[in-house]
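J.: structure of the sequence below:
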Amino acid sequence: MEKRAPSLPAYRPIIFQFSKGGSWLLLMSGLLYLALFNPFDSLVVRSLLLAQYGMFWLWQPLIRPGYRMDWRGIVAISTGGVCFLAWGGWWMVALWIALVISLYGGQGVPARFKWRRRFRMGLLLYWLILLLVWVVPHLTSDVRLPQWGVTGLRWGLPLGLLLLALLPDDPPRRERASNDFFYSLLLLLVIVVAVLGTLAARQLFHLEHLEALAGTLLWLGGLLLLLGWLWNPRAGFAGIGTLWSAGILRLGSPFEQWSSLLAELSGRGGTSRAFLESAASALQQLPAISGGEWRCGNLQGVFGEMADHVSLHQKGELSLTLYADTSVAPALKLHFQLATELLYQFYLSKRREEQLAEQTYIAAVHETGARLTHDIKNLLQSMKALCSVAESVEDPTRLQALYARQLPEITRRLETTLDKLTKPQPDQLPPRPTAAGQWFASFAARYANHAVEFLPCRLRDADWLDAALFDSIADNLIQNALHKQAARPEISIKVALEWKGAIVLTVQDSGEAIAAGLLERLFNAPVSSATGFGLGLHQSANLARSRGATLALARNRYGEVMFSLAAPPISHD
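T.: Residues are numbered from 1 along each chain as shown. A predicted model of the protein is given here:
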């Protein structure tokens, strides 16, 4: 299979494909060149300066696109244009070029834009040469450049602009330009030092302009190299960069302190309203804030004192009005907006905490009610079984003996159920030790009138079990099997109690197997049920786990469905 050679990217001149900012700056550079290499007294030169001033506003990175300028902005821009027309001398041009270089140099270009970075470096070099080699000599009337230098500038600068315009552009990618204020300020100061240093060296040492410029740039470069060397830690010295970082961090320390307090308030108890009141009052720790008002849904409050300057911040339902003694700087407004968003998020967390507490309380009430319903249902079934047996017994003596055995047991179970109202957790109820054989005989007598086969008890004589545990779970297992038998009378039910390393109760029926879709949720969650709430096995499994026992589905196939309850014997002392 033939391999295709990678196709070369199509050549696209940067003047046409670059962003509008770069194109406007190229045209602005050309107009400034035409204005500076002609006498300032002519009206044409003034017009060229005014035109490049207008292009600056088309390129400028200070005002975001789509911003609607008010009358004050229009007056400020118009005043700048009038200054160019009336007082457009060499000093103003020098300051203007320094400002443009600092603004353009403060914009970063990502490393993936190879040709755009080269374009930026070339254009910055063009403006620097124009300022330092051509404009600075004209600041004083006694300096003249050699003829070869003038000729080189006249022809070299436009040739350089042409080469920059014809550079290829990078493939189209999303670029988000940003202006670094501190980097722009540093660049402006370096340019000012270079200009003033050149003028000073020329006057003090009586040097030619190019000699003074070269010496100044060498000294300035050495100073910057020394500062760069001292910026980072060296030989145990922390570096002046650490001092700078510490100063920057101190600006945010009040906000950090308030954030820590916010987290602390959120961890405390109390309502969401109390949290909002405390957190909003703590906002007075932030710089310049003297007081404020807050409103969130139906809640509202006031803190501190009112002042002349107002700053309004909004996030979701939370509306925060802050009062300051002085005008709030844009950087502080960002801090205040961030504080508002952080306060709103913590408020939402507090509200969710309250809702979760309410849901937990409702769930506890529901679980307690479901558990009591399950126990009462088992008691009712036991009483129905006792009544059914009593109807079939004609001998008064046997009937009295039956009542004597079963009624105290039902009474004890009813007392246990009532105890759960005051002790909702099943593991808080004390066990009820009973001899295993005695419990099994009593349990078998309870269902003597039903089609349930009780196999011989195979236990050790000294085995005692928790009657409260076995009564609750055994009744539930028997009732589930009886419901299947009511639908299909041919189903047989067998109950056994034996020793297998633990006291094991098994309830087996010959009905259909439990569906595979219910097996995963059988003991872990409520399941759908046609004869109840589907909570019996779930509550029984929870009760067994709380007493150290195990409720499991031992077998699950057609004709043989067996549940087993295994519990360790308990002491009867």
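
J.: and the closest residue to residue 215 other than its chain neighbours, how far from residue 216?
T.: Closest residue to residue 215 apart from its sequence neighbours, by C-beta to C-beta, 6 or more residues apart in numbering: residue 201 at 5.7 Å. For every residue, glycine as well, the C-beta is placed using N, CA and C. For residue 201, the distance to residue 216 (C-beta to C-beta, to the nearest Å) stands at 6 Å.

J.: between those two, who's got more neighbours?
T.: residue 216 (22 against 19; other C-beta atoms under 10 Å).

J.: residues touching the more buried one, list them.
T.: 194, 197, 198, 201 (C-beta atoms under 8 Å, 6 or more residues apart in numbering).

J.: of those residues, just the buried ones, ChimeraX syntax please.
T.: Buried subset of these, written as a ChimeraX selection, criterion 16 or more other C-beta atoms under 10 Å:
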select :194,197,198,201
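
J.: dump the contacts of residue 216 into a markdown table; add distance to residue 455 and secondary structure as well.
T.: Formatted as a markdown table, the contacts of residue 216 follow (distance: C-beta to C-beta, whole Å; DSSP: H, G, I helix; E, B strand; the rest coil):
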| residue | distance to residue 455 | secondary structure |
| --- | --- | --- |
| 194 | 106 | helix |
| 197 | 109 | helix |
| 198 | 112 | helix |
| 201 | 115 | helix |
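
J.: which pLDDT does the model give the spatially most central residue of the chain?
T.: What sits nearest the mean C-alpha location of the chain, by C-alpha atoms, centre = their mean, is residue 345, with 9.7 Å. Looking at residue 345, its pLDDT is 87.

J.: quick check: which element contains it?
T.: Per DSSP states H and E, residue 345 falls inside helix 330-392.

J.: state the pLDDT value of residue 391.
T.: Per-residue pLDDT puts residue 391 at 69.

J.: quick one, what contacts the closest residue to residue 105 other than its chain neighbours?
T.: Distances taken as C-beta to C-beta, 6+ apart place residue 187 nearest to residue 105, at 4.7 Å, with adjacent residues excluded. Contact analysis of residue 187 by C-beta under 8 Å, 6+ apart lists 101, 102, 105, 106.

J.: isn't residue 564 right next to residue 506, touching?
T.: Yes. Applying C-beta atoms under 8 Å, one finds residue 564 in contact with residue 506, separated by 4.8 Å.

J.: contact partners for the closest residue to residue 216 other than its chain neighbours?
T.: In this structure, residue 216 finds its nearest non-sequential neighbour in residue 197, 4.0 Å apart by C-beta to C-beta, 6+ apart. Going by C-beta under 8 Å, 6+ apart, residue 197 touches 216, 219, 220.

J.: cool, and residue 91?
T.: So residue 91 contacts residue 139 (C-beta under 8 Å, 6+ apart).

J.: please save the CA atoms from the helix or strand where it lies in CSV.
T.: Using DSSP H and E, residue 91 sits in helix 90-105. Output of helix 90-105 as CSV, limited to C-alpha atoms (Å, rounded to 0.1, in the frame of the first residue of the first chain):
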residue,chain,number,x,y,z
TRP,A,90,9.1,64.3,19.6
TRP,A,91,8.7,63.9,23.4
MET,A,92,5.0,63.0,23.0
VAL,A,93,5.9,60.5,20.2
ALA,A,94,8.6,58.9,22.4
LEU,A,95,6.1,58.5,25.2
TRP,A,96,3.5,57.2,22.8
ILE,A,97,5.9,54.6,21.3
ALA,A,98,6.9,53.4,24.8
LEU,A,99,3.3,52.9,25.8
VAL,A,100,2.5,50.9,22.6
ILE,A,101,5.6,48.7,23.1
SER,A,102,4.6,48.0,26.8
LEU,A,103,1.1,47.1,25.9
TYR,A,104,2.0,44.9,22.9
GLY,A,105,4.9,43.3,24.8
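
J.: could the contacts of residue 197 go into CSV alongside secondary structure and distance to residue 312?
T.: What follows is the contacts of residue 197, written out as CSV (DSSP: H, G, I helix; E, B strand; the rest coil; distance: C-beta to C-beta, whole Å):
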residue, secondary structure, distance to residue 312
216, helix, 50
219, helix, 51
220, helix, 47
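
J.: now do the contacts for residue 500.
T.: residue 566.

J.: what's the mean pLDDT across stretch 553-571?
T.: On average, stretch 553-571 scores 88.

J.: measure that stretch end to end?
T.: 27 Å (C-alpha to C-alpha, to the nearest Å).
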